[in-house]
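Trainee: take a look and give me a structure for this.
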Amino acid sequence: MKNYTFLCLIILNVFYGYAQESKVKSGDKKYDDYAYIDAIKTYERIADKGYKSEDLFKKLGNSYYFNSEFEAAAKWYGELFALNSTPEAEYYYRYAQSLKSAGQTDKATAILNEFSTKYKNDSRAKLYQENVNYLDQIKANSGRYKIENAGINSKYSDYGSFIYNNKIYFASARDTGNFTQRKHKWTGEYFTNIYNADIDPATGEASKVNKIKSLLNSRFHESTIVFTKDGKTVYFTRNNFIDGKKGKDEKEITLVKIYKADFDNEKFSNIVPLPFTSDNYSTAHPTLSPDEKTLYFASDMPGTIGQSDIYKVSIKGNNSFGSPENLGPSINTEGKETFPYVTTENEIYFASDGHPGLGGLDLFVGQIQSNGSVTDIQNLGNDINSPKDDFAYSIDPITRQGYFSSNKDGGQGSDDIYKFVETRVLKCLQELNGIITDSQSGVVLPGTELTLYENQKIIKSSISNSSGEYAFTVECGKTYMVRAQKTEYETKEEMVTIGKVSGKTQLPIALDKSICKVTVGDDLGKCFGIKMIYFDLDKYNIRTEAAIDLEKILDVLNQHPNMKLDIRSHTDSRASHQYNLKLSDQRAKSTLNWLVKNGVAASRLTAKGYGETQLVNNCSDGVNCSEEQHQMNRRSEFIITGL
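Mentor: You can find the predicted model right below:
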């Protein structure tokens, strides 16, 4: 991208040999004034004569880098590294970005590895270390778009887009035949103005492009316009120019500001800069939150982490705004973060050369949390992103249609606008599934009501199918609660934390019956999940936890006075046969005595120990079995013998 909108200002001192001093000074003046095209010519003529200087190669590299001519930038940064193998962190990163954009990925990776080793505290180095395999993520995030030319491009720079009232508004440097148009020394193109074109709502096709003829467009740059929903207010970016006067910073440079204007009957009026803007730093690329209470933008104001950061500011009305807030290091790096766009899903899309990408500016998306931080930042993939500059992304979260700008190969001009349809959302999603069963019989339970909760809020509901199966689509890394409800069963809730990569998470749920239907021959203990009445080792005294289970049996006997039980106690095969038979019989009779002591008529109860004579598996003497297998044989049964 070749526009002033990158918001980066780099001023370097120069020291050269006497013979070239005047030419170098000429180049420096053009460089400092953003006359990068002319500066390149001067510097290259000097370099072609064999002169070498770190400062010279820095300036040559930067001049091409800022004009998105990355192959040439890589050449001159390479010359810089040949002279000085350990320059400042910024040159490591720019060199790596340029190499990536020029297709030299392996060499870019080597430079990034060296960069992250030498500059460990740089946020870009940390991001790279955390995402060494970032190319794999980019690949996984690719193949999700259908992209085509937006139909409004020229041979000049066209970028930034906003849809309002079936019109697309965008910035363009096209020559419309006006002899008074002025060229910008930095890019060699005309200054950008705001244009629009009608959009067919049925087909999305754009009609004839029109330049907005109003006070909105000045003799200098205008770009990135956004309308409020009612269409009465617009925010846009412009060079620091108001009422026919240019504002300049202390170095006599005219930066950019965000302006506000009224819009009525297709006319713009009352154009004013926002109160938090300044002559001494740039603010640009405004976008509104869905509730229009917050304005997001890019700036290099004091407190900026990198070359430009993303900020937000509250809109209070009557041209009153809060204090700008930097979105912080979760999104901003020492590089450039710019062109924010916020959706109704609390997603923030932005362009960055500080997060790991394919080269130049790449497009990313993150999730805005309730505390204002941005998490889960991901590269949008190589459909959208390229080794060149990709930026100014916007999307309708319902139709998944949108626009972005790029100077990728194959376009009509230096920057072009593309339209797209997103065919698959980027969010890391998983399928949470399972089978609902009866906890005792293992029988599947169709028709079970399932409710998915997150932070005690209902997210989704479902019903298990004829096979007892259910499934929810959930987000990676989140913790959910699943509630299962079915008539005649106790309601159950299970917590589950989803993994951080796409895939499936299984959560089977076994329900306990709340209404247990029994008849003669059934084990009453299964109604309550009683597998065993516990005793101390080699003893037959009723333990406290065993008494709790016996209270359940006692309650049922009291509710059904005609019910009779045969209490059976079993052991595993360890210890002698005679010992097991005696111990189990004592335990069965202790269970009977506890029930009689608590009011059950002895005539309703029988009790017997079976020792190891009725094993439920083959774990007899001499067979090597696990503890779990032996446990299956140690059991208590309450067999109904009469009703």
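
Trainee: can you give the domain ranges for this protein?
Mentor: Domain assignment for the chain by automatic domain parsing gives 4-132, 145-422, 429-511, 524-642.

Trainee: redo those domains as a markdown table? Include distance to residue 138 and mean pLDDT.
Mentor: Where you see a C-beta, it was placed from the backbone N, CA and C, and this is true even at glycine. Putting these into a markdown table (distance: least, Cβ to Cβ, whole Å; pLDDT from 0 to 100) gives the following:
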| stretch | distance to residue 138 | mean pLDDT |
| --- | --- | --- |
| domain 4-132 | 10 | 73 |
| domain 145-422 | 5 | 89 |
| domain 429-511 | 15 | 91 |
| domain 524-642 | 47 | 83 |
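
Trainee: which one of those lies nearest to residue 139?
Mentor: Closest to residue 139 of those, according to Cβ to Cβ: domain 145-422, at 7.3 Å.

Trainee: quick one: terminal-to-terminal distance for that closest one?
Mentor: End-to-end distance for domain 145-422: 5 Å, by Cα to Cα, to the nearest Å.

Trainee: at the geometric centre of this protein, which residue sits there?
Mentor: residue 376 (3.1 Å; Cα atoms, centre = their mean).

Trainee: the longest helix anywhere in the chain: which residues count as buried?
Mentor: Secondary structure of the chain per DSSP state H: the longest helix is helix 577-597. Using 16 or more other Cβ atoms under 10 Å as the test for burial, helix 577-597 gives 580-581, 583-592, 594-595.

Trainee: same check, this time on stretch 466-477
Mentor: 468-470, 472, 474, 476.

Trainee: just stretch 556-576 next, same as before
Mentor: Those would be 556-557, 563-573, for stretch 556-576 by 16+ other Cβ under 10 Å.

Trainee: alpha carbons only: can I get that stretch in PDB?
Mentor: These are the backbone C-alpha positions of stretch 556-576, laid out as PDB (Å, rounded to 0.1, in the frame of the first residue of the first chain):
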ATOM      1  CA  VAL A 556     -38.200 -48.200  50.600                       C
ATOM      2  CA  LEU A 557     -39.200 -51.000  53.000                       C
ATOM      3  CA  ASN A 558     -41.100 -48.500  55.100                       C
ATOM      4  CA  GLN A 559     -42.900 -47.200  52.000                       C
ATOM      5  CA  HIS A 560     -43.700 -50.800  50.900                       C
ATOM      6  CA  PRO A 561     -44.700 -52.800  54.000                       C
ATOM      7  CA  ASN A 562     -45.300 -56.000  52.000                       C
ATOM      8  CA  MET A 563     -41.900 -56.000  50.400                       C
ATOM      9  CA  LYS A 564     -39.500 -58.800  51.400                       C
ATOM     10  CA  LEU A 565     -35.800 -58.900  50.800                       C
ATOM     11  CA  ASP A 566     -33.000 -61.600  50.700                       C
ATOM     12  CA  ILE A 567     -29.800 -59.900  51.600                       C
ATOM     13  CA  ARG A 568     -26.800 -61.500  49.900                       C
ATOM     14  CA  SER A 569     -23.100 -60.700  50.500                       C
ATOM     15  CA  HIS A 570     -20.300 -61.700  48.100                       C
ATOM     16  CA  THR A 571     -16.500 -61.600  48.200                       C
ATOM     17  CA  ASP A 572     -13.700 -62.000  45.700                       C
ATOM     18  CA  SER A 573     -11.600 -65.200  45.500                       C
ATOM     19  CA  ARG A 574      -8.600 -63.800  47.500                       C
ATOM     20  CA  ALA A 575      -8.300 -65.500  50.900                       C
ATOM     21  CA  SER A 576      -9.500 -69.000  51.600                       C
END
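
Trainee: the stretch 1-150 of the chain: strands as residue ranges?
Mentor: Under the criterion DSSP state E, counting those that start in this stretch, strands of the stretch 1-150 of the chain are mapped to 145-149.

Trainee: that one: helices as residue ranges?
Mentor: 21-32, 36-48, 54-66, 70-83, 89-101, 105-118, 123-130, 134-140 (DSSP state H, counting those that start in this stretch).

Trainee: do the stretch 451-600 of the chain as well
Mentor: Using DSSP H, counting those that start in this stretch, helices in the stretch 451-600 of the chain cover 544-559, 577-597.

Trainee: show me what secondary structure element comes after the longest one.
Mentor: Sequence order places strand 605-611 as the next helix or strand after helix 577-597, per DSSP states H and E.

Trainee: tell me the buried residues in that next one?
Mentor: Buried residues in strand 605-611 (16+ other Cβ under 10 Å): 605-607, 609-611.

Trainee: any chance of those in a markdown table, with distance to residue 434 too?
Mentor: Formatted as a markdown table, the buried residues of strand 605-611 follow (distance: Cβ to Cβ, whole Å):
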| residue | distance to residue 434 |
| --- | --- |
| 605 | 41 |
| 606 | 41 |
| 607 | 40 |
| 609 | 40 |
| 610 | 37 |
| 611 | 39 |
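
Trainee: quick one, what contacts the nearest residue to residue 344 once chain neighbours are set aside?
Mentor: Nearest residue to residue 344 in three dimensions, chain neighbours excluded: residue 290, at 4.5 Å (Cβ to Cβ, 6 or more residues apart in numbering). Listed by Cβ atoms under 8 Å, 6 or more residues apart in numbering, the contact partners of residue 290 are 342-344.

Trainee: assign residue 290 to helix, strand or coil.
Mentor: Under the three-state scheme (DSSP: H, G, I helix; E, B strand; the rest coil), residue 290 adopts coil.

Trainee: quick one: it and residue 330, what's the gap?
Mentor: 21 Å (Cβ to Cβ, to the nearest Å).

Trainee: before we move on, what about residue 209?
Mentor: 39 Å.
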